[in-house]
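**Q** Quick one: sequence and predicted model below, then my questions.
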Amino acid sequence: MEKGTRGEKPANRNPSPPNRKEAKRRTKPRLRQNRRLILIPRHSIRSQNRGPKIVPSNPEIVTLCSEFLNGGTDTTATAVEWAVARMIENPEIQSRLYDEIRTTVGEKKSTRRTSKNAVPKRRRKGAFANGACQIRGYDIPTDTNVEFFLPGISEDPNMGRPGKVRSGSILRGSGGGGYDGRYRVKMIPFGIGRRICPGLSMATVHVNLMLARMVQEFEWSGHPDNGKVDLSEKLEFTVVMKNSLRAKITPRA
Ligand code: HEM
């Protein structure tokens, strides 16, 4: 016992972590008097006294939910459509993918295996200038919304062979730069840095699984009416196919 503290309970500098039941109780959503829904994540239990907690208001939570729904649906659907179109255009990539699925998970079983051919497309990437600055000689005032035109990077002939689909070209290790800007900024469909798409992992899993299942069950080829795939583009929220994909789908024998 420390000098001068006789009889008093010493301050507990390192309290033992709360037991599981207590931790669960403390992470349950609580409706406080101001009717805001407070979610206290587990990791903040120990740091509860380290400064103010930022609690989103109900309208902010609604905005976040709608942003996730809007940001996650068209993008993923468009990526799958483009990927199938590119596979029809490049049957050897589809065959390679099917072989890979067959050798790893079999012909009809549901698959957790991912494919390498998903090339999500989104053309513009935004940033906010939180202080006046200059970019390549242009004055950017504070709070300006700056948009980068991504094809300037991804379709630059100096960066490789744009337009040519090579599944390895977006992966690290076969001369590619990855697609999250971690190794090289060559193609950044999910943006880069602090505002990178928070749905990246979910989107790649979804796109990969969808493509894998679609190719596992069916062979995809050009529609008999036009044979070839029309790769014309139209700029909407994402770059969509100008004429929706039409394909011939044959069940795998
Ligand atoms: C293939 C699918 C997807 C693509 C190509 C994509 C692409 C992008 C891009 C380029 C950005 C802008 C990043 C920046 O400004 O630097 C972004 C932002 C965002 N994405 Fe995605 N995304 C996809 C799927 C998803 C999914 C599945 C979700 C949610 C479940 C999602 C949620 C968001 C949100 C909330 C933002 C705004 C982030 C912020 O402003 O800080 N995205 N996405």
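**A** That came in fine, so what should we check first? Residues are numbered from 1 along each chain as shown.
**Q** For the rest of this, base every contact and every neighbour count on C-alpha atoms.
**A** Will do.
**Q** which residues of the stretch 101-250 of the chain fall in helices?
**A** Assigned by DSSP state H, counting those that start in this stretch, the helices in the stretch 101-250 of the chain fall at 151-154, 200-217.
**Q** Out of those, the one nearest the ligand is which?
**A** When the helices of the stretch 101-250 of the chain are compared by CA to the nearest ligand atom, helix 200-217 sits nearest the ligand, at 4.3 Å.
**Q** what's that closest one packed up against?
**A** Packing contacts for helix 200-217, counted by 3 or more CA pairs under 8 Å, 6 or more residues apart in numbering; DSSP states H and E, involve helix 58-89, helix 91-105.
**Q** Might you list the low-confidence residue ranges for the stretch 1-150 of the chain?
**A** 1-52, 106-130 (pLDDT under 70).
**Q** how does it look with 50?
**A** 1-15, 28-47, 110-124 (pLDDT under 50).
**Q** Closest residue of the stretch 1-150 of the chain to the ligand?
**A** G72 (3.3 Å).
**Q** Now do the same contact list for that residue.
**A** Listed by CA atoms under 8 Å, 6 or more residues apart in numbering, the contact set of G72 reads 199, 203.
**Q** could you measure it against H223, distance?
**A** The spacing between G72 and H223, counted by CA to CA, to the nearest Å, is 28 Å.
**Q** re earlier: out of the helices of the stretch 101-250 of the chain, which gets nearest to F237?
**A** When those are compared by CA to CA, helix 151-154 sits nearest F237, at 15.3 Å.
**Q** Quick check: mean pLDDT of the closest one?
**A** For helix 151-154, the mean pLDDT works out to 76.
**Q** Equivalent analysis for stretch 204-219, please.
**A** Stretch 204-219 comes out at a mean pLDDT of 93.
**Q** got the residues of the stretch 151-253 of the chain near the ligand?
**A** Proximity of the stretch 151-253 of the chain to the ligand, by CA under 6 Å from any ligand atom, involves residues 189-192, 195-200, 202-203.
**Q** now with 5 Å?
**A** 190-191, 195-197, 199, 203 (CA under 5 Å from any ligand atom).
**Q** So among those, which ones count as buried?
**A** For these, a burial check counting by 16 or more other CA atoms under 10 Å picks out 190-191, 196-197, 203.
**Q** how close does I196 get to P91?
**A** 32 Å.
**Q** Please apply the same query to T250.
**A** 14 Å.
**Q** got it, and S232?
**A** Between S232 and P91 the computed distance is 19 Å (CA to CA).
**Q** Between the two, which is the more surrounded one?
**A** P91 (14 against 11; other CA atoms under 10 Å).
**Q** Ignoring the adjacent residues along the chain, who's closest to the more buried one?
**A** S221 (7.8 Å; CA to CA, 6 or more residues apart in numbering).
**Q** what number of residues lie near that neighbour?
**A** S221, neighbours per other CA under 10 Å, totals 22.
**Q** swap in E155?
**A** E155: 15 surrounding residues under other CA under 10 Å.
**Q** Could you do P198 as well?
**A** Number of residues near P198 (other CA under 10 Å) recorded here: 14.
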